[in-house]
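*Asks:* Prediction below, plus the sequence it came from.
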2 protein chains.
Amino acid sequence: MRSVSIKELLTGKEVLQEIIINGWVKTFRSNRFIALNDGSTLNNIQCVVDFEKIDDTILKQINTGAALRISGTLVESLGKGQSYEIQVKDIFVHGGADPEVYPIQPKKHSLEFLREKAHLRVRTNTFSAVMRVRSALSFAIHQYFRNNGFYYFHAPIITGSDAEGAGEMFRVTTLDEKKPPLDEQGEVNFKEDFFGKETNLTVSGQLEAEAYAMALGKVYTFGPTFRAENSNTSRHLAEFWMIEPEMAFFDLDANMDLAEDFIKEVLKYVLENCEDDLLFLEKRLLDEEKTKPQAERSEMPLIEKLKFITDNNFKRVTYTEAIEILRNSKPNKKKKFQYPINEWGADLQSEHERYLVEKHFKCPVILFDYPAKIKAFYMRLNEDGKTVRAMDILFPGIGEIVGGSQREERLDVLTKKMDALNIPEEELWWYLDLRKFGTAVHSGFGLGFERLVLFATGMGNIRDVIPFPRTPQNAEF
Amino acid sequence: MRSVSIKELLTGKEVLQEIIINGWVKTFRSNRFIALNDGSTLNNIQCVVDFEKIDDTILKQINTGAALRISGTLVESLGKGQSYEIQVKDIFVHGGADPEVYPIQPKKHSLEFLREKAHLRVRTNTFSAVMRVRSALSFAIHQYFRNNGFYYFHAPIITGSDAEGAGEMFRVTTLDEKKPPLDEQGEVNFKEDFFGKETNLTVSGQLEAEAYAMALGKVYTFGPTFRAENSNTSRHLAEFWMIEPEMAFFDLDANMDLAEDFIKEVLKYVLENCEDDLLFLEKRLLDEEKTKPQAERSEMPLIEKLKFITDNNFKRVTYTEAIEILRNSKPNKKKKFQYPINEWGADLQSEHERYLVEKHFKCPVILFDYPAKIKAFYMRLNEDGKTVRAMDILFPGIGEIVGGSQREERLDVLTKKMDALNIPEEELWWYLDLRKFGTAVHSGFGLGFERLVLFATGMGNIRDVIPFPRTPQNAEF
């Protein structure tokens, strides 16, 4: 008899056969019905015990959380709520779970409580569903790019460059923490550090991805990135995963087409492959929102919201048009925005992005052609000399989910911009080489993976969609 | 006219159609034949120019490395070496590449020279082939696990624990590098650091993966791991990618079965999907080895070697049997080993592993049941009280490619072992929780991704199979 997963069992292929399964007890009621789960699916299988045939010392160990091996026969179920069940022949207890001390009891736990138990929370329905969806999204991303002629590229995590300026960085070092070696000027002598220079954790693999795009054509990264920013919000992590495609010969329009198609396809994959988990998460969200005032509830149930994304075109709007809309909007006129929109050039805040997406257009929006001065140095300058070929995709409830641009491929324009911003050329000599040798139009974008998982699962806090979150003052496990 | 990749073009589907392609010039000869490459494949497409119809200032810019957009008609080729070519109608130069300064000229460059140009080396045939194979292997890995019921799990990169002891660690910090805050005892006060404690870069995601396996059943990590070890060898990197599957209810036999099947399947994927690149890399290796004495050359050409792995069973041998073989081996008796094998309990060195794989068994070998004292604390103790359920997979030319074990699931045995090794229980409280609540037999292994890429590509130095290698004194780009 081979051991088989509950996901396989529930397809019914092994009906009337003797099987062995392993899993953890979710509930045990009436000394007769074990709901067993093995993580392969959200669904439990009901195991029906004839308690007269099972030793009492075994029965006593069948508590929530105990690990069991059960042998028996798969039969069609007459009970409500399940198609198949197991008539138990024998039970082996791998390991018990004392109900006096095991924290994950079959009752409602707050998400905050479970965050303290990040090693056990994935045993709950909510977190196992979230993490299965996270896994499915990851695979969908790799599959999408593979099917579309992209090569996966591993950007370096430890970097000797801090030129991109996307955020505060973590230093990586093996120097003595208390008495670092000093040079003749009395400064820390990083020449004695492991890499012979000061190094940090990457904030983005984009610049390196550009080097690979200018050889392999279409590449993407999918790796961890870091921000040493002291933001304790439900949207920020110090360590998060990012997807960064970079494509030679793509202009901004092609970039926007790709980003939109990409997001739709990976969400379609989840809709098609994670139905049970999404239904559960949808119900969870509805329950959670019942306690909230109407105005704060989601406009659509989770699955409808995902289908709304996959079935509708994203609205493409220039920054200039967006500013006009915002300037003339009710909340602006009534001074309801914390940051009033007075003139062209203002950086958009979350409140403005949400107004555009949730109130004005009521669909995902791609804003493009932003003022140069509020965007990064590597974005391609438009003919007008004041806007750049940047684009941000804004999602309902999430805000910015994608940020991208056509890259400045002209050496002279790029170096002028770097000079103006005091970015030393010797720091990015290799990045400039890409413009000296076979430069071409190219584009790319970055997608914060956890924001996509937040959106796809309907969870409210980014700490709840990554296994072991890293935030200020918190690096447990 | 849509732009199409050279990989698509070479299927011939668009023959006689007008097409646009973009790419970089590999060579330009007789003012007539451009070999153009766009990275989608190793193969170039020949673009035939009627130089009387193309402006002279354009022709002059068609140097190796220049980026071009070419429009023309795809036709069957009468020339040798290609099935299709393009009759060029128009050429646009995206960006030139001055032959006086562009380093990647069409001649042989040493791998050492190219390492200094890691941002450009992927424009060579060798590195583009290696990186396409690397990408294919990555995808094969994700696909294998997805198809086999595993969930992808992102282990944390920054860790507050240094208990695993797999190697020296990099410190991650935002404290002032020169004058860190001190506590009352005069020690560095890590409470003031970003995470409120001392943190490091992970050496392995295994312990966290165990927590996820004990809920989702079968999980795997695929992420960067770090070693701050001053080893300047062709086999070591300070930053490398690792794959770590972890399976609840798997004993060591099931673990070995999985590891063997996994390696075979991902290599099969590469054999089926990377034929052009493998043929090129095979020829490269043969050329390189021509300069070496016969004894140092590979026993088989690359593709034959990969098929040898996929088509043969790995030999499973206990450590105890291996020691007997080594003790009685010629090199041991003739004192040719640097570390002679005298008695049971000796740690195996690379020379011993290579003897077993390359000379004695002449096939991949899985060694298992190692002495407890030379293996990690979390490995399951056998009934004999002196060996543990560890396994290493040894490959020809590479040595250890996989290290794994059945994990110690018994709380009492585990804590006793930790006490003996002075591993504080409070450091790993959450790891012990996994043994307190629903513990079960479980197993896993780790595979160094770059070692697999080395093996699959026939490259000799691990620095040449990762885009931007990090080694002591080197974190360029």
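*Replies:* Thanks, I have the structure now. All of these numbers come straight from a predicted model, not from anything done at the bench.

*Asks:* So which bits of the helix or strand of chain A with the lowest mean pLDDT are buried?
*Replies:* Least confident helix or strand of chain A, by mean pLDDT, DSSP states H and E, is helix A:350-354 with a mean of 92. Within helix A:350-354, the residues that count as buried by 16 or more other C-beta atoms under 10 Å in any protein chain shown are A:352, A:353, A:354. (C-beta placed from N, C-alpha, C; glycine too.)

*Asks:* could I get the helix or strand containing residue A:20 in CSV with only the CA atoms?
*Replies:* In the assignment (DSSP states H and E), residue A:20 maps to strand A:18-29. Once non-C-alpha atoms are left out, strand A:18-29 reads as follows in CSV (Å, rounded to 0.1, in the frame of the first residue of the first chain):
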residue,chain,number,x,y,z
GLU,A,18,-7.0,0.1,0.9
ILE,A,19,-4.9,3.1,1.4
ILE,A,20,-2.5,4.7,3.9
ILE,A,21,-2.5,8.4,4.6
ASN,A,22,-0.5,10.6,6.9
GLY,A,23,-1.7,14.0,8.3
TRP,A,24,-2.6,16.1,11.3
VAL,A,25,-5.8,16.0,13.2
LYS,A,26,-8.0,19.1,12.7
THR,A,27,-10.8,17.9,14.9
PHE,A,28,-12.0,14.7,16.5
ARG,A,29,-15.6,14.4,17.5
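
*Asks:* list the helices and strands it packs on?
*Replies:* For strand A:18-29, the packing partners by 3 or more C-beta pairs under 8 Å, 6 or more residues apart in numbering or on different chains; DSSP states H and E come out as helix A:6-9, strand A:33-37, strand A:67-76, strand A:84-95.

*Asks:* Provide the angle between the direction of it and the direction of strand A:84-95.
*Replies:* Angle of strand A:18-29 versus strand A:84-95, following axes from the mean of the first three to the mean of the last three C-alpha atoms, to 10 degrees, is 80 degrees.

*Asks:* Give me the angle between strand A:18-29 and strand A:67-76.
*Replies:* Relative orientation of strand A:18-29 and strand A:67-76, computed by the same axes, to 10 degrees: 110 degrees.

*Asks:* What residues sit buried inside strand A:18-29?
*Replies:* Applying a neighbour-count criterion of 16+ other C-beta under 10 Å, one finds A:19, A:20, A:21, A:22, A:23, A:24, A:25, A:26, A:28 buried in strand A:18-29.

*Asks:* just the residues you listed now: which is nearest residue B:397?
*Replies:* Closest approach to residue B:397 among the buried residues of strand A:18-29 (C-beta to C-beta): residue A:22, at 38.3 Å.

*Asks:* what sits against that closest one?
*Replies:* Counting by C-beta atoms under 8 Å, 6 or more residues apart in numbering or on different chains, residue A:22 makes contact with A:3, A:38, A:67, A:68, A:69, A:70, A:94, B:248, B:249, B:440.

*Asks:* Filter the residues you listed down to the buried ones and hand me the ChimeraX line.
*Replies:* Of the contacts of residue A:22, the buried ones can be selected in ChimeraX as follows, counting by 16+ other C-beta under 10 Å:
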select /A:38,67,68,69,70,94 /B:248,249,440
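
*Asks:* Can you tell me, leaving aside adjacent residues, what's nearest to residue A:323?
*Replies:* For residue A:323, ignoring the flanking residues on the chain, the nearest one in space by C-beta to C-beta, 6 or more residues apart in numbering or on different chains is residue A:344 at 5.4 Å.

*Asks:* Tell me how many other residues surround that neighbour.
*Replies:* If you count neighbours by other C-beta atoms under 10 Å in any protein chain shown, residue A:344 ends up with 13.

*Asks:* Which of the helices or strands spans it?
*Replies:* Here residue A:344 sits in a region with no helix or strand, counting by DSSP H and E.

*Asks:* first vs last residue of stretch A:262-281, how far apart are they?
*Replies:* Across stretch A:262-281, the terminal residues are separated by 23 Å (C-alpha to C-alpha, to the nearest Å).

*Asks:* Enumerate the positions of it that are buried.
*Replies:* By 16+ other C-beta under 10 Å, the buried positions in stretch A:262-281 come out as A:262-271, A:273-274, A:277-278, A:280-281.

*Asks:* before we move on, what about stretch A:188-197?
*Replies:* Those would be A:188, A:190, A:193, A:194, A:195, for stretch A:188-197 by 16+ other C-beta under 10 Å.

*Asks:* and of these, the nearest to chain B?
*Replies:* Checking the buried residues of stretch A:188-197 against chain B by C-beta to the nearest C-beta gives residue A:195 as the nearest, at 3.9 Å.

*Asks:* is it true that the closest one touches residue B:469?
*Replies:* No. Here residue A:195 lies out of contact with residue B:469, judged by C-beta atoms under 8 Å, at a distance of 11.3 Å.

*Asks:* Flag the shaky bits of the stretch 351-477 of chain A, pLDDT-wise.
*Replies:* Scanning the stretch 351-477 of chain A for pLDDT under 70 picks out nothing.

*Asks:* Would you mind naming what in it lies close to chain B?
*Replies:* Contact residues, the stretch 351-477 of chain A versus chain B (C-beta under 8 Å from any C-beta of the partner chain): A:409, A:430-431, A:433-441, A:466-468, A:470, A:472-477.

*Asks:* if I pick residue A:58, what's in contact with it?
*Replies:* Taking C-beta under 8 Å, 6+ apart as the test, what residue A:58 contacts is A:91, A:93.

*Asks:* which SS class is it?
*Replies:* At residue A:58 the chain is in helix, as set by DSSP: H, G, I helix; E, B strand; the rest coil.

*Asks:* picking up where we left off before, export the buried residues of strand A:18-29 to CSV and append columns for pLDDT.
*Replies:* Listed next are these as CSV, based on pLDDT from 0 to 100:
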residue, pLDDT
A:19, 93
A:20, 96
A:21, 96
A:22, 98
A:23, 98
A:24, 98
A:25, 98
A:26, 97
A:28, 96
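
*Asks:* which phi and psi does residue A:471 have?
*Replies:* Main-chain dihedrals, residue A:471, degrees, to the nearest 10: phi -140, psi 170.

*Asks:* how far out from the middle of the chain is stretch A:170-189?
*Replies:* Distance, stretch centre to chain centre, for stretch A:170-189: 35 Å (C-alpha atoms, centre = their mean, to the nearest Å).
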